[in-house]
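# fold the following and give me the result.
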Amino acid sequence: MPKHPRLCRRGATYYHRAAIPADIADSYPKTEETFSLGTKDYQEAVRRVRVAAAEVDRKFEAHRRMLAQKAKPPLKELSDEEIKRIGEVYYTYLLEEDEAIRSEQFSEGERPTIVLDDADVNEIISTHGFRPPSFEGYAEDRDAVDELTRHDYARGKVNSFYKGEAEEVLTWEGISVNLDPASPSWRKLARELQAATIKATKAVRLRNEGEVVETPRVPGLRPESRVPLLSMAVEQWVEEKARTSWVAKTKREHCKWMGHFIAAIGDRPLDAYTKTDARAYKAMLLKLPANWVKFSELQGLPLDKASAKAQVLGMEPMTESNVNKLLGFVGSFWTWASDQYDEAPANPFKGLKIKQRKRIREERDPFSVEELRAIFSAPIYTGCASLREWRRPGALVPRNSGMFWVPLISLFTGARMGEVIQLYVDDVREEGGVVFFDLNDNGEDKRLKTTYSQRSIPIHASILDMGFMDHVALCRSQGQKRLFPDLAMGEDGYYSTPFSKHFGRFLRAVSIKNRKNAFHSFRHSFEDACRDSDIPKEIMDALQGHGQEGMSERYGRGYYLKKLDEAMKRLQYRDLDLSHLNVLAQKSERP
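Alright, predicted model coming up:
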């Protein structure tokens with residue numbers, strides 16, 4: 001069961017903890033809504049926190065309505081018609097509340113009768129509430145409230161309870177009136193609510209006797225939403241995606257940022273979210289630095305508070321690409337939800353991604369010829385002490401290690417790091433005299449970025465001359481499933497994660513690491529080499545797995561592979577000499 005974003009634990013007891021949404025934080029009476037859920041059992045805590053979260057969000061919404069109400073010019077007086085309508089709304093509310101209580105079966109057993117003494121309605125309600133343990137107790141409570149209400153109403157007395165009810169009801173959706181504190185309408189309204197309570201008690205008594213009393217529907221009031229809360233829909237989304245396409249890292253990232261969204265904006269029914277909420281979330285992200293949880297000044301803060309503090313401290317915000325990535329995590333849920341729920345709005349994050357000031361290509365540079373020379377003249381390619389001591393020169397050229405082959409294969413295929421590392425031995429195939437890589441996701445540990453990523457890439461002659469098929473033959477003779485079994489999968493479910501860290505260290509070791517190069521630079525180098533070798537764009541796109549409509553219709557299967565092979569034979573890197581890696585030119589030891 002996924003953890004609810006508002007669930008936390010102190011010692012052995014679970015708590016509800018919610019940051020105050022950014023739009024009401026300055027005026028809300030608390031800095032956060034934190035309280036005990038009264039349980040040490042995780043499953044029970046998850047159940048209780050959902051209920052608590054819904055109640056807290058109702059408080060947030062009530063506070064928003066109150067702010068909206070106060071923002072309006074004060075109204076000097078309510079008309080008699082307006083007061084009557086508010087009384088009708090309140091009467092409907094009381095009968096709806098009665099229906100809700102009856103929808104849950106009354107418990108058996110009796111409870112001592114309430115002694116009124118000098119207690120007022122407010123004390124009875126705060127002490128006992130309208131949800132007693134038994135039918136008899138419920139009826140007694142209503143009678144007690146009715147007796148006091150009738151007593152006060154007959155004498156023209158308005159107690160604190162109905163004064164508070166008048167203030168509350170004016171904030172309700174569909175009413176929202178900012179009544180002048182000195183208005184004479186306050187007393188009229190409170191008496192109207194007393195009258196509505198007396199009428200409602202009559203109806204409740206008839207229901208207690210088994211009579212059918214319909215609850216009236218007041219025009220203009222929005223019925224209680226039956227749409228699931230965002231947190232509940234997110235649980236279903238996570239469960240489905242984890243079963244079909246997500247690995248641990250993907251699940252963790254999406255859950256984390258959806259949790260931040262819910263904590264910052266609130267957990268409401270799906271149909272209660274709008275583009276305003278998405279813009280508010282985007283505004284928070286635009287102020288956050290990259291890896292903000294690692295900054296001591298921001299540690300432990302909820303996202304909205306961290307965002308505001310980061311701006312005050314003048315921290316450098318994350319890049320536009322990072323913001324777009326995080327917007328994509330949350331936006332992907334809404335895309336899914338719009339397909340799953342009739343009530344879900346159109347994706348509120350659609351169109352909110354930042355238009356990049358730079359082209360995507362400019363985010364990573366291709367490797368220069370000088371940098372490629374530095375890479376392929378490193379000890380791994382000329383002789384290192386061992387795989388563990390790959391920085392130190394020695395006699396070992398590890399031709400049966402992924403550390404040796406993965407960069408070379410990417411250089412001559414343009415394939416992504418993960419696509420190369422996850423290759424199976426059986427993915428090296430031959431068809432019509434063409435030896436090629438079959439990039440696919442046919443395996444539980446394999447995944448591709450898009451549907452277009454499934455493709456065939458002829459193996460360049462330079463790779464074959466370096467003895468690659470000897471490595472393939474050795475793997476087959478050993479019964480290996482993967483082509484590079486020495487490159488383990490990361491804890492996040494991606495083969496690329498550990499190797500990416502290794503390759504960053506490698507680039508620093510050969511003194512060419514900068515802000516704009518990484519393993520992905522091989523992909524850009526391959527693009528430049530294709531252009532330099534007069535390879536048509538549609539062929540280059542097919543080799544790299546770029547989506548292009550009509551490609552499958554343009555080439556038949558056999559002709560397609562031959563066409564790619566013809567292009568691959570033309571591919572060359574000018575001024576880059578890798579002849580020292582040719583097995584015919586140099587005999588190497590194997591690890």
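# for the chain, longest helix please?
Scanning the chain for the longest helix, with DSSP state H as the assignment, gives helix 42-71.
# which elements pack onto that one?
Judged by 3 or more Cβ pairs under 8 Å, 6 or more residues apart in numbering; DSSP states H and E, the packing partners of helix 42-71 are strand 7-10, strand 13-19, strand 32-36, helix 230-244. C-betas here are computed from N, CA, C, even on glycine.
# Provide the contact partners of the third one at residue level.
Applying Cβ atoms under 8 Å, 6 or more residues apart in numbering, the external contacts of strand 32-36 come out as Thr13, Tyr14, Tyr15, His16, Arg17, Ala18, Ala19, Ile20, Ala52, Val56, Lys59, Pro302.
# which of those are buried?
Neighbour-count burial (16 or more other Cβ atoms under 10 Å) applied to the contacts of strand 32-36 gives Tyr14, Tyr15, His16, Arg17, Ala18, Ala19, Ile20, Ala52, Val56, Lys59, Pro302.
# what residues does the fourth one make contact with?
What that stands for is Arg17. Arg6, Leu7, Cys8, Glu32, Glu33, Thr34.
# got it, and the fifth one?
Taking Cβ under 8 Å, 6+ apart as the contact definition, Ala18 lies against Arg6, Glu32, Glu33, Thr34, Ala53, Val56, Ala263.
# Lys3: how many residues sit nearby?
Other residues within reach of Lys3, judged by other Cβ atoms under 10 Å, total 14.
# just to be sure, Glu430 is in a helix?
No. Secondary structure of Glu430 (DSSP: H, G, I helix; E, B strand; the rest coil): strand, not part of a helix.
# now could you export just the CA positions of the host helix or strand of Lys282 as CSV?
Per DSSP states H and E: Lys282 is located in helix 275-287. The C-alpha coordinates for helix 275-287 follow below in CSV (Å, rounded to 0.1, in the frame of the first residue of the first chain):
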residue,chain,number,x,y,z
LYS,A,275,-5.0,25.3,-14.0
THR,A,276,-4.6,27.8,-11.2
ASP,A,277,-3.4,25.0,-9.0
ALA,A,278,-0.9,23.8,-11.7
ARG,A,279,0.4,27.4,-12.1
ALA,A,280,0.9,27.7,-8.3
TYR,A,281,2.9,24.5,-8.2
LYS,A,282,5.0,25.6,-11.2
ALA,A,283,5.7,28.9,-9.5
MET,A,284,7.1,27.0,-6.4
LEU,A,285,9.3,24.9,-8.6
LEU,A,286,10.7,27.9,-10.4
LYS,A,287,12.2,29.2,-7.1
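# and the closest residue in space to Ser410 that isn't next to it in sequence, what is it in contact with?
Nearest residue to Ser410 in three dimensions, chain neighbours excluded: Phe522, at 4.1 Å (Cβ to Cβ, 6 or more residues apart in numbering). Going by Cβ under 8 Å, 6+ apart, Phe522 touches Phe367, Pro407, Ser410, Leu411, Gly414.
# number of nearby residues for the third one?
In terms of burial, Ser410 registers 22 neighbours under the definition other Cβ under 10 Å.
# so it is in which element?
Per DSSP H and E: helix 402-413 holds Ser410.
# so in the protein, where's the weakest helix or strand by average pLDDT?
Across the helices and strands of the chain, the lowest-confidence element by mean pLDDT, DSSP states H and E is helix 551-554, at a mean of 40.
# now for the next helix or strand after it, which elements pack on it?
Per DSSP H and E, the first helix or strand lying C-terminal to helix 551-554 is helix 557-570. Contact analysis of helix 557-570 by 3+ Cβ pairs under 8 Å, 6+ apart lists strand 434-439, strand 455-458, helix 537-544 as its packing neighbours.
# go again with 6 Å.
For helix 557-570, the packing partners by 3 or more Cβ pairs under 6 Å, 6 or more residues apart in numbering; DSSP states H and E come out as strand 455-458.
# buried sites along the very next helix or strand once past the strand it packs on?
Using DSSP H and E, the next helix or strand after strand 455-458 towards the C-terminus is helix 461-465. Within helix 461-465, the residues scored as buried using 16+ other Cβ under 10 Å are Ser462, Ile463.
# how does this protein divide into domains?
74-224, 230-360, 363-581 (automatic domain parsing).
# between those, which gets nearest to Gly38?
Smallest distance to Gly38 across the domains of the chain (Cβ to Cβ): 16.8 Å, for domain 74-224.
# what mean pLDDT does the closest one get?
For domain 74-224, mean pLDDT rounds to 81.
# okay, and Arg217 sits in which element?
Applying DSSP H and E, one finds Arg217 in no helix or strand.
# state the distance from Pro269 to Ala45.
Distance of Pro269 to Ala45, computed by Cβ to Cβ, to the nearest Å: 22 Å.
# neighbour-wise, which of these two wins?
Taking neighbours as other Cβ under 10 Å, Pro269 and Ala45 compare with Ala45 leading, 23 against 19.
# pretty sure that one contacts Tyr14?
Yes. Using Cβ atoms under 6 Å, Ala45 is in contact with Tyr14, at 3.6 Å.
# burial measure for Asp271, as a count.
As a burial measure, Asp271 scores 15 neighbours (other Cβ under 10 Å).
# my bad, Gly164
Considering only other Cβ under 10 Å, Gly164 is surrounded by 12 other residues.
# what helix or strand is it on?
helix 160-169.
# got the CA coordinates for that helix in PDB?
Only the C-alpha atoms of helix 160-169 are listed here, as PDB (Å, rounded to 0.1, in the frame of the first residue of the first chain):
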ATOM      1  CA  SER A 160     -23.100  31.900  21.000                       C
ATOM      2  CA  PHE A 161     -23.700  28.700  19.100                       C
ATOM      3  CA  TYR A 162     -26.100  30.200  16.600                       C
ATOM      4  CA  LYS A 163     -23.900  33.400  16.300                       C
ATOM      5  CA  GLY A 164     -21.100  31.100  15.300                       C
ATOM      6  CA  GLU A 165     -23.300  29.200  12.900                       C
ATOM      7  CA  ALA A 166     -24.300  32.400  11.200                       C
ATOM      8  CA  GLU A 167     -20.700  33.400  10.700                       C
ATOM      9  CA  GLU A 168     -20.000  29.900   9.300                       C
ATOM     10  CA  VAL A 169     -22.900  29.600   6.900                       C
END
